[in-house]
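Novice: Give me a 3D structure for the following:
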Amino acid sequence: MSRPEQVWRPEDAAARRDFWEDVHGGKDLDGVSWWQSVPGLSLGLVDATDVAPDEPVIDVGAGWSTLADHLLARGHTDVTAVDLSRTALDTVRERVGDVGRSLTLQVADVLDLDTGRRYALWHDRAVFHFLTEPDERDDYRASLERNLRPGGWFVIATFGPDGPTTCSGLPIVRYSHEELAAEFPGYTLVDTAGEDHLTPWGTNQQFTAVLLRGPQR
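Specialist: Numbers count the residues shown, from 1 in each chain. Below is the predicted model:
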């Protein structure tokens with residue numbers, strides 16, 4: 001695990017909401033480094049699960065991600081996208097159009113998330129690496145446990161050991177596959193993956209991703 005640089009970061013839910021609302025309200029879709037039209041890394045790991053199209057799937061920190069679009073196009077009928085930014089989720093709603101009848105959009109903080117449901121699959125691309133403090137990671141794990149069904153699938157991606165040290169001006173924590181899996185004791189490592197993500201302006205970001213299976217608690 002590579003420790004973050006000491007730079008400013010939002011430290012409470014309101015500050016996090018305001019920060020990400022400003023990001024999504026002030027930039028074009030392809031004006032953020034994480035934008036990709038096809039989330040190949042995520043879809044590949046989703047394909048490695050046995051989640052049926054009618055089972056509930058949640059994408060946390062979804063932002064403008066097209067993962068929901070692709071899952072709906074594949075026939076998934078119960079997809080939830082969660083983000084702090086209402087602006088980001090409104091953009092997704094406009095983009096998916098009528099097919100979005102199977103999509104639930106929820107403005108919420110993943111560190112205090114209680115949907116009242118249990119999901120077959122939890123997906124996170126690039127939320128966890130923003131959690132630079134141990135108590136934040138504890139809160140994330142508690143949210144995961146509340147919202148993932150026993151034995152559910154968990155896809156998570158962060159910047160890798162050679163990835164950037166900041167994102168959108170915020171510090172992040174970089175992980176190897178082994179370090180990332182170790183953050184979730186009790187979960188079984190099923191698969192690993194990675195990619196060198198090409199940003200809209202042509203630079204590379206190394207991503208680490210793992211597929212985990214939750215405990216049968």
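
Novice: Do a quick rundown of the strands in this protein.
Specialist: Secondary structure of the chain (DSSP state E): strands at 57-60, 79-83, 103-107, 119-125, 148-159, 166-167, 170-171, 188-198, 204-213.

Novice: Least confident of those strands, on average?
Specialist: Of all those, the minimum mean pLDDT falls on strand 166-167 (a mean of 87).

Novice: Can you pull up the most central residue in the chain?
Specialist: The residue lying closest to the centre of the chain (CA atoms, centre = their mean) is residue 124, at 2.2 Å.

Novice: Might one say that residue 192 is in contact with residue 211?
Specialist: Yes. If you go by CB atoms under 8 Å, residue 192 and residue 211 touch, sitting 7.4 Å apart. For every residue, glycine as well, the C-beta is placed using N, CA and C.

Novice: Looking at these two, which is more packed in?
Specialist: residue 211 (23 against 15; other CB atoms under 10 Å).

Novice: quick one: that one and residue 152 touch, right?
Specialist: No. In this structure residue 211 lies outside contact range of residue 152 using CB under 8 Å: 11.6 Å.

Novice: Now render the strands of the chain as a markdown table, adding distance to residue 12.
Specialist: Shown next, in a markdown table, are the strands of the chain (distance: least, CB to CB, whole Å):
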| stretch | distance to residue 12 |
| --- | --- |
| strand 57-60 | 18 |
| strand 79-83 | 17 |
| strand 103-107 | 16 |
| strand 119-125 | 20 |
| strand 148-159 | 22 |
| strand 166-167 | 19 |
| strand 170-171 | 14 |
| strand 188-198 | 29 |
| strand 204-213 | 27 |
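
Novice: Please, where are all the helices along this structure?
Specialist: In the chain, the helices defined using DSSP state H lie at 13-26, 40-47, 67-73, 86-96, 134-147, 177-182.

Novice: Of those helices, which is nearest residue 161?
Specialist: With CB to CB as the criterion, residue 161 lies closest to helix 177-182 of the helices of the chain, at 8.5 Å.

Novice: Flag every buried residue along the closest one.
Specialist: The neighbour-count check on helix 177-182 (16 or more other CB atoms under 10 Å) flags 177, 179, 180, 181 as buried.
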